Every structure is written in structure tokens, then in C-alpha cells.
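A.B. asks: With the sequence up front, the predicted model follows.
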Amino acid sequence: LQISVKLTFESPPGLKKNLQRTYESWDDEFIAKGSPERAQLLYVLAFFHALVQERRTYMPQGRVKFYEFSLGALRAGTNIIDLVSKGKSIDWESVIGLMENAIYGGRVDNNYDYKVLSVYLQQYFNADILSPKRGGKAVERGFVMPRPTNVKSEYVAMIDSLPEEDIPSFFGLPLNVERSVQRAQSALVVSQLKALSLSSSSSSKFDREHWRVVLGPICSLWDKLVRSDKTVLEKPDLVVGGGAGRGGTAAEANDIKPIKQFIANESQFAYKLVSMVDQAIRNINRVLWESGLLTPEIQSNAVFLLAGSVPLGWEKMWEGPEKPQAFLRSLIMKKISLSRWAKQFGNSGEVAGEELDLSELFNPGTFLMALRQQTSREGRMRMDSLKLRSSFGDDLNNSVMPVHLVGLMLQGAAFSGKRLESAEADAPELVPISKCTIAFDDTSKDKSEGRSSRGLNIPVYFSTSRERLLTDVVVPVSGDPDDWIVGGVALFLADE
């Protein structure tokens, strides 16, 4: 294998090429053996198959995860088309159900990717797609149905007339999605180039001069970050409650407010992580300048840093940015921010009505749980009846514990201050969004007060990689909510 010539075959990208490959696999007899309506349905299926495959070009905005929709899925889809086209009328509900729950949807394990797939099925497999008017979202996005015929050349001619380059509107994506793609591809290329340069020079063997060249700047960066604020290495003075086992009583433990407890735990965690990283980098620096001995632990950490990745021990404690420099900057930013949180809220545990940036926390999900617990206590409500609500106005200000989230970034749309709007082609990829008020409220009030969402659940991710989901918030939208689902709209705590 080592002396062999390696060849890799990759199918040409794009809707047009995808459709051409599909129709090359279908001969004239296969298209002609049924009614013209069946042939039209096959064209819809081929277009849908190309759509869900080529949407991966726009990851992660177009699709959070990579799914391999193979020829097997297309073949199973043709069997369904053959089955339903034999009846007097098409059972669209059965077609959508089988596609959504088995053939295509069975591969999708992300909730928001599944929503996109479901919307596509509803928009492409319906009676309007074959009607004389041929209306609907599919046509609005550029889908053109050939006239009723079972002649293959008619469909091939239609495919050949499609543009060579895909247009984001074909997929229902915003016009500025190319900015997201370019940023993701640039980051990938830079990462691969760095990996190549590091892999060619990095080694588990100790080379002091090489270590100084690569690890010296990291040590200097850490020293600069540590000196940037006196609270970086400062041990928190907040006392973590623990009941009788820590010298207190159960009653005293129950009196500690969840938010206060969270801030104490978070501050202790930050101090522990910063101390561990500080010790590790100082040990490496001593080895670089011949004032310390090389140990297996120091060498293990150095090898990870030489490879441009975060040491395993650090990553086990906190799943932060993948690159060491970004990890260190984010770590220090959070430690400094938590010192401010401890000073402002640590003694009282009261955050109602405050403006908070959750990107300053290591565990924002735990904060939301603490907020829910404290709301339950202060509002004397059952925790299982509380639901997270969001607002971009003032209608949650009278809730038990409303907090105003700031620093959120929006991708896939513009925001007018009241609702989502379409983003222009020259609009920035990420736009800051006005503060979002959240609060936990009793779900039993929904029916009694006649509440309705009047918006769309938008996911809130930790970063633009969309790898970690925090929660979702309801955002007011204009027009059809399905447009925003297929548009890949999302909010982020940070733009890392």
C-alpha cells in the first residue's frame, strides 16, 4: 500500500451535477415505464435528494452535522414513488411519513437538522407541486417542474438549463450565507496548514531549541494575560455551602440561594483551572530555559501544545476553544469576569433585573438551572411547572426573576429590534442583537392567560461551530416561520 499510487474520487459539487448523476443512473426505460405523473414525482425526488445532499456545502449554518444520504436512500425513495403512483390519488402523508421517519429522517440525529428536513418534505411533496399553478415555496426558490411527460430527455434538458453554481436561495438560505462558508473554509484551511507544519516538525522527543521557538510565544502570552489583571491568580473568598458535613446544618444549606451557590462553585472552578494551567506553563517555561527538569507530565502537555491542540488534562476540566492561544485568552477573560460576578452578586445571589453576559461563564447551562431553582423558591412554584420564556420587550419584567441577556450574536437574519428580518447579501455574517429578557414562568398560566408564542424557537449555541447547544429562545419573526427554519437562523454566546 505504501508504494501504491493513491487516488481519491470526489463527486463534483452542486445541484446540477447531483441531478445529472442521478439521471445518468436512470435509463430511458425506467423513466418511461410509468405515467407522466410518476416521472414528475421522480424528478421531485431527485431534486429533493440533491437538495439535502448539497446543503452540506453550507455547514454549519446549512446543516449542523454531516449526513451521508446515499444512493440507497434514493433507491428506497423510488420504491415509494412507484408504490404511490399506482393509485388513483397520491397519498402525500404516507410519502412524507416514510421519508421523514425512515428513509432520510432516520439518519438525522440533530433536532434542528431534522426540522429543516421536515420543512423540505412538506414543501416539495404536496399536491401543489404537480398542479397547473405549481405554486408554493419550492417554486419561489427556483424549482421548475417540466411539463407532464415520461420522456427522459425532457427532464435532462431541464437539468442542463440549471446554473452551474448553486444559489443560496435554492436552499432557502440567506443571501449572506457565503460569508459564513468563507469564514468556515478559511478557518479549516488555516488549521490544516498549521497541522501540516506542526506535524512535520513536532515530535515526542525533546528538542529544546524547537520547543523554545514553538512554546516560547505561548508562555509569553500566558505571562502577559496573567499580568493583565490582579484577580487572575486571586483565590476566591466565597464560601461554598455544604450543610452539616462542612460544619453547617441542613437548614443553613437550604438557605443558601442557588445563584449564590453557583457563583461560588464557578469561581472555585475557575481558580482551580487557572492554577493548573499556570503551573503547567510555568513548568514548561522552566524547562525551556534550563531551570527545571523535564518530567513525563510536562512532556505530555508540551507535546499537545506543539501539535497546536489543548492538553488533555485541561480539556477534561473545560471544553473550551480547540486552539491553545484561544483557550488561554478565553480562560483569563472568564476568570476576570467571574471575579466581577462574585463581587457584584456573590454575597446576595440576586440577579433579577440585571444585564448578564453568559459567555463570561464556564457553565452557563448550570446557571440557567440555578436560576430555575431560585425562581421556584422565591415564587413558591413547583420546578416541574417552570418553563424558560424569552422576550425582546418588557412583558417579562414583572416575572419573579427576569434577567437581561446581552452580548448575543445572530446569524442567518437581521434583527429590527422587534422581529427577524431578511439579511441582505452584503450584510455582516454575525450581528449583535438587542438584549433578550429571559425568565422562568409557570406553564399553568398559559391557558388561563391565553398566551401564545407568536414567534419561533431559535437555538442558542455556545459558539459559531454549533457543536454545543445551550437552550432555545422564542424570537418574533415576520412572514412564514418555515423560512427561518431552513435559513439556519441561530444565536450564539460568542463568535469564537
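C.D. replies: Yes, it's here.

A.B. asks: so where is the stretch 301-450 of the chain shaky, pLDDT-wise?
C.D. replies: 444-450 (pLDDT under 70).

A.B. asks: Run a quick neighbour tally on Arg419.
C.D. replies: Other residues near Arg419 come to 17 when the count uses other C-beta atoms under 10 Å. The way it works is simple: take the backbone N, C-alpha and C, and place the C-beta from them, glycine included.

A.B. asks: The nearest residue to it once chain neighbours are set aside and Leu358: what is the separation?
C.D. replies: Using C-beta to C-beta, 6 or more residues apart in numbering and skipping the chain neighbours, the partner closest in space to Arg419 is Pro476 (3.9 Å). For Pro476, the distance to Leu358 equals 21 Å [C-beta to C-beta, to the nearest Å].

A.B. asks: what does Thr375 give?
C.D. replies: 16 Å.

A.B. asks: one step back: who has more neighbours, Pro476 and Leu358?
C.D. replies: Leu358 (22 against 16).

A.B. asks: Could you check how many residues crowd around the closest residue in space to that one that isn't next to it in sequence?
C.D. replies: Nearest non-adjacent residue to Leu358, counting by C-beta to C-beta, 6+ apart: Pro364, 4.0 Å away. Residues lying near Pro364 (other C-beta under 10 Å) number 20.

A.B. asks: Would you mind confirming that Pro364 is in contact with Ser463?
C.D. replies: No. Using C-beta atoms under 8 Å, Pro364 is not in contact with Ser463, being 11.9 Å away.

A.B. asks: what do these two both touch?
C.D. replies: Common contacts of Pro364 and Ser463 (C-beta atoms under 8 Å, 6 or more residues apart in numbering): Leu493.

A.B. asks: burial measure for the nearest residue to Gly216 once chain neighbours are set aside, as a count.
C.D. replies: Nearest non-adjacent residue to Gly216, counting by C-beta to C-beta, 6+ apart: Leu288, 6.4 Å away. Number of residues near Leu288 (other C-beta under 10 Å) recorded here: 18.

A.B. asks: can you pull the contacts of Leu288?
C.D. replies: Shown in contact with Leu288 (C-beta under 8 Å, 6+ apart): Arg208, Trp211, Arg212, Leu215, Gly216, Cys219.

A.B. asks: measure it to Arg282 for me?
C.D. replies: Distance of Leu288 to Arg282, given as C-beta to C-beta: 11 Å.

A.B. asks: one step back: okay, the contacts of Leu288 in CSV with pLDDT and neighbour count next?
C.D. replies: Below are those laid out as CSV (pLDDT from 0 to 100; neighbours: other C-beta atoms under 10 Å):
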residue, pLDDT, neighbour count
Arg208, 87, 12
Trp211, 91, 20
Arg212, 92, 15
Leu215, 93, 20
Gly216, 94, 14
Cys219, 96, 19
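
A.B. asks: out of the residues you listed, which are inside helices?
C.D. replies: Judged by DSSP state H, those include Arg208, Trp211, Arg212, Leu215, Gly216, Cys219 as members of helices.

A.B. asks: Leu305 is in contact with the fourth one, correct?
C.D. replies: So that's Leu215. Yes. Leu215 is in contact with Leu305 according to C-beta under 8 Å; the separation is 5.8 Å.

A.B. asks: residues near Leu19, how many?
C.D. replies: Residues near Leu19, counting by other C-beta under 10 Å: 23.

A.B. asks: From the rest of the structure, what touches stretch 168-175?
C.D. replies: By C-beta under 8 Å, 6+ apart, the list of residues contacting stretch 168-175 from outside reads 15, 51, 54-55, 58, 61-62, 137, 141-142, 177-178, 412-413, 422-425, 427, 483, 486-488.

A.B. asks: can you pull the buried residues of the lengthiest helix in the chain?
C.D. replies: Taking DSSP H as the criterion, the chain has its longest helix at helix 258-288. Across helix 258-288, burial judged by 16 or more other C-beta atoms under 10 Å covers 258-271, 273-274, 277-278, 280-281, 283-285, 287-288.

A.B. asks: ok, Lys323 - contacts?
C.D. replies: Lys323 sits next to Gly308, Ser309, Val310 when contact means C-beta under 8 Å, 6+ apart.

A.B. asks: in what helix or strand does the last one lie?
C.D. replies: Spelled out, it's Val310. Element membership for Val310, per DSSP states H and E: none, as it lies in no helix or strand.

A.B. asks: Next up, the contacts around it.
C.D. replies: Phe304, Gly320, Pro321, Glu322, Lys323, Pro324, Phe327.

A.B. asks: and if you look at Ser85?
C.D. replies: With C-beta under 8 Å, 6+ apart, Ser85 has these contacts: Gly34, Ser35, Glu37, Arg38, Leu41.

A.B. asks: Next, find the distance separating the first one from Ile96.
C.D. replies: By that I understand Gly34. With C-beta to C-beta as the criterion, Gly34 and Ile96 are 20 Å apart.

A.B. asks: gap between Leu288 and Gln299?
C.D. replies: Applying C-beta to C-beta, the value for Leu288 to Gln299 is 12 Å.
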